[in-house]
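Student: quick one, fold the following:
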Amino acid sequence: VQLVESGGGLVQAGGSLRLSCAASGGTFSRNAMGWFRQGPGKEREFVATISLTGGVTGYEDSVKGRFTISRDNAKNTVYLQMNSLRPEDTAVYYCAARHWASTYSRTYYTPNEYDYWGQGTQVTVSS
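Tutor: Now for the predicted structure:
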């Protein structure tokens, strides 16, 4: 499975960005998906996760109510809509795919639960 992120950039605090992650080389509808981020000098951290069909989602506490994860299985793409961005959201954002999910509603929250990773896209939020 290959994952390619896009949509990052420079935005002022309070602004919005929409990240996309296009998957190829596998059966996307069988992959639970997630977004992670890694800020300067920090470890990679969980941001959001979505189940196989998109019916269940999960978020890190600091992004709840501001970020929305979604997926379009017909387009093999997962999205991360980011609103009300803050300087502390500045990071490289990574898309991740899990090869197999135990149920249609299962979501995954740690990096070691994912099998495939994109190259990352930089998000910079200025104050």
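Student: report the central residue of this protein.
Tutor: residue 35 (2.2 Å; C-alpha atoms, centre = their mean).
Student: check contacts around the nearest residue to residue 76 once chain neighbours are set aside.
Tutor: Once flanking residues are discounted, residue 76 sits nearest to residue 28: 4.2 Å by C-beta to C-beta, 6 or more residues apart in numbering. Where you see a C-beta, it was placed from the backbone N, CA and C, and this is true even at glycine. Residues near residue 28 by C-beta atoms under 8 Å, 6 or more residues apart in numbering: 73, 76, 97.
Student: roughly how far apart are the residue nearest to the centre of the chain and residue 127?
Tutor: 23 Å (C-beta to C-beta, to the nearest Å).
Student: ok, back up a step: paired strands for the helix or strand containing the residue nearest to the centre of the chain, with orientation please.
Tutor: For residue 35, the element it lies in under DSSP states H and E is strand 32-38. Paired neighbours of strand 32-38 in the sheet (DSSP bridges): strand 45-50 (antiparallel), strand 91-98 (antiparallel).
Student: and it, what's its mean pLDDT?
Tutor: The average pLDDT within strand 32-38 is 97.
Student: one more: stretch 117-127?
Tutor: What stretch 117-127 shows for mean pLDDT is 97.
Student: can you check stretch 61-78 too?
Tutor: 97.
Student: what about residue 18, how many neighbours?
Tutor: Neighbour count for residue 18, taken as other C-beta atoms under 10 Å: 14.
Student: okay, and the beta partners of it?
Tutor: Beta-bridge partners of residue 18, as defined by DSSP bridges: residue 81.
Student: and stretch 76-89, what's buried?
Tutor: For stretch 76-89, the neighbour count (16 or more other C-beta atoms under 10 Å) marks 76-80, 82, 85, 89 as buried.
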